[in-house]
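Q: no FASTA, just this:
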């Protein structure tokens, strides 16, 4: 019981710190747009795609309709029979006055297949500011201006964004969205209390071309499964600052079942463990609710255990509500899912402690 009580105490402290970090993020004012003037440098958006993501047409289209005056969007696939090609071509046809192109390149490439896709697109990139975003992301017309504004500071070599999960479907998709909104995003904000992040996220990896070349180009990421994390790490090691934008990207979450969701999260867990081993091992303190439930179940007559459970449950709901506001989430997910979500996360964490095999896009890969 002593160990469980200490974990609960540590978890309660984490929740309190998370609330401070969330409040600080919510209070920060977004930077003014800096890209709505003629003659400004352009932005190339790279969109690596593979297969038919949920609402892919709408996701890709959102990046093609920006207020920014000068930008290019490149869609990239690695197989000439990829069904996403038809969707990308429909998007290109929808915006005939935009600078859009599809890059198909099936040349052999060792390492991360997403990086292979990015490397092919980089050969066609026109501009010196590069923004990379995964295919399940969606933005509004202010996106590019917000990202560009981060680079007004010459020390900034890269920028990234938080993202909120928007579920499509039933229980599994709701649980997946809760992971992004209530667990991943607060942990990122807690990390930024110590200073600017030293990592990027797949929602947006924006980088100056000269900074990218300084770390060895996009191919420097090829050996790593966690390409987003490593981009920020390599830039930071070169002395560049990584900016966390106040802009929040929307991630479309469509999971067919809880089993599939758990497999996806296990891949993410093992990937995180491969790059942040110590942090990952101790991240169980970010899930104090299952431990508080266990304590109260094992000691039903212990008032301290029940007080801890009530306090931690209150903190957990408060974090949920705070993230709803901070990420501007329009549709609140059911609060009763929080215990199930946290128990699932703890289980994935435990499974992620072992093994280095992950399944990515029907390919078996190994974390480094």
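A: Now that the structure is in, tell me what you want to look at. Here the structure is a predicted model, which is why all the values come from computation and not from measurement. Numbering: from 1, shown residues only.
Q: any idea which element the closest residue to residue 61 other than its chain neighbours lies in?
A: Using C-beta to C-beta, 6 or more residues apart in numbering and skipping the chain neighbours, the partner closest in space to residue 61 is residue 91 (5.3 Å). C-beta coordinates here come from the backbone N, C-alpha and C atoms, glycine included. If you go by DSSP states H and E, residue 91 is part of helix 84-94.
Q: Beyond that helix, next helix or strand please.
A: strand 99-104.
Q: thinking in terms of the whole chain, how far from its middle is that next one?
A: 24 Å (C-alpha atoms, centre = their mean, to the nearest Å).
Q: do the same with stretch 64-84
A: 20 Å.
Q: The helix holding residue 91 packs against which elements?
A: Packing partners of helix 84-94 (3 or more C-beta pairs under 8 Å, 6 or more residues apart in numbering; DSSP states H and E): helix 56-64, strand 71-77, strand 99-104.
Q: How about the secondary structure of the residue lying farthest from the centre of the chain?
A: Going by C-alpha atoms, centre = their mean, the residue of the chain most distant from its centre is residue 301, 42.0 Å out. What DSSP: H, G, I helix; E, B strand; the rest coil gives for residue 301 is coil.
Q: Could you tell me what pLDDT the model assigned to it?
A: On pLDDT, residue 301 comes in at 86.
Q: show me what contacts the residue nearest to residue 61?
A: 57, 60-61, 64, 75, 100 (C-beta atoms under 8 Å, 6 or more residues apart in numbering).
Q: Quick check: the gap between it and residue 124.
A: 17 Å (C-beta to C-beta, to the nearest Å).
Q: Then residue 248?
A: Residue 248 is 29 Å from residue 124, by C-beta to C-beta.
Q: Of these two, which one has the most company?
A: Taking other C-beta atoms under 10 Å, residue 248 and residue 124 do not tie; residue 248 has more neighbours (20 against 14).
Q: who's in contact with that one?
A: 161-164, 327-328 are the contacts of residue 248 under C-beta under 8 Å, 6+ apart.
Q: now with 10 Å?
A: 25, 30, 139, 146, 161-164, 185, 203, 326-329 (C-beta atoms under 10 Å, 6 or more residues apart in numbering).
Q: do residue 118 as well
A: Per C-beta under 10 Å, 6+ apart, neighbours of residue 118: 46-48, 74, 76, 103, 112, 125, 130, 132, 205, 218-219, 221-222, 227.
Q: do that again at 6 Å, thanks
A: 46, 48, 218 (C-beta atoms under 6 Å, 6 or more residues apart in numbering).
Q: Grab the nearest non-local neighbour of it.
A: Per C-beta to C-beta, 6+ apart, closest to residue 118 is residue 218, 5.1 Å.
Q: wait, is residue 187 part of a strand?
A: No - using three-state DSSP, the assignment for residue 187 is helix, not a strand.
Q: The closest residue to it other than its chain neighbours: neighbouring residues, count only.
A: Leaving aside its sequence neighbours, residue 187 sits nearest to residue 286 (C-beta to C-beta, 6+ apart; 6.1 Å). Neighbour count for residue 286, taken as other C-beta under 10 Å: 20.
Q: ditto for residue 290
A: 20.
Q: what's it sitting at in phi/psi?
A: phi -60, psi -40 (degrees, to the nearest 10).
Q: For it, list the residues it contacts.
A: Taking C-beta under 6 Å, 6+ apart as the test, what residue 290 contacts is 342-343, 346.
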